[in-house]
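Peer 1: No sequence on hand, only this structure:
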């Protein structure tokens with residue numbers, strides 16, 4: 001499991017996340033738990049590529065339920081995330097093959113009507129080749145403080 005967590009750290013590094021944030025034990029533990037939970041779900045997949053027995057690339061696909069819309073009338077959307085490849089084997093097609101396989105899984109085995117993902121500049125060209133396009137409305141976020149327990 002640690003290989004997957006390391007690849008998730010690598011993905012966030014590529015997205016410009018601060019190194020200090022990436023070492024925070026709370027999110028690393030939550031990441032391990034998340035990977036464990038994804039592995040047990042029928043509506044999610046984790047794919048990895050190995051070279052010489054080492055995990056060098058991975059990707060995660062999850063089915064999410066959202067409110068129905070004209071572009072997604074059944075309210076089922078796919079989310080692809082954690083596409084990451086270790087630096088020394090980038091450019092060899094691992095991320096592309098994993099993304100293609102995840103898209104194929106959504107198309108063949110689920111009822112999702114839309115697939116969402118966030119792209120780094122390097123990943124965007126691969127995703128465009130696979131039919132992804134930028135959406136009209138930008139993604140926006142608001143962070144909420146943790147609840148006291």
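Peer 2: Perfect, thanks for sending it. All figures in this text were calculated on a predicted structure; none of them were measured in a lab. Residues are numbered from 1 along each chain as shown.
Peer 1: Give me the spatial nearest neighbour of the most centrally placed residue in the chain, chain neighbours excluded.
Peer 2: With distances taken as Cα atoms, centre = their mean, residue 81 lies nearest the centre of the chain, 0.7 Å away. Of all residues not flanking residue 81 in the chain, residue 60 sits nearest, at 5.3 Å (Cβ to Cβ, 6 or more residues apart in numbering). C-beta coordinates here come from the backbone N, C-alpha and C atoms, glycine included.
Peer 1: now swap in residue 106 and tell me
Peer 2: residue 78 (4.4 Å).
Peer 1: What helix or strand is that neighbour located in?
Peer 2: Assessed by DSSP states H and E, residue 78 sits inside strand 76-85.
Peer 1: Buried residues of that strand, list them for me.
Peer 2: For strand 76-85, the neighbour count (16 or more other Cβ atoms under 10 Å) marks 76-80, 82-85 as buried.
Peer 1: re earlier: distance of the residue nearest to the centre of the chain relative to residue 119?
Peer 2: Residue 81 sits 10 Å away from residue 119, going by Cβ to Cβ, to the nearest Å.
Peer 1: Distance from the helix or strand hosting residue 126 to the middle of the chain?
Peer 2: Using DSSP H and E, residue 126 sits in helix 121-129. From the chain centre to the centre of helix 121-129 is a distance of 14 Å (Cα atoms, centre = their mean, to the nearest Å).
Peer 1: If you count contacts, what does that helix end up packed against?
Peer 2: Judged by 3 or more Cβ pairs under 8 Å, 6 or more residues apart in numbering; DSSP states H and E, helix 121-129 is in contact with helix 94-109.
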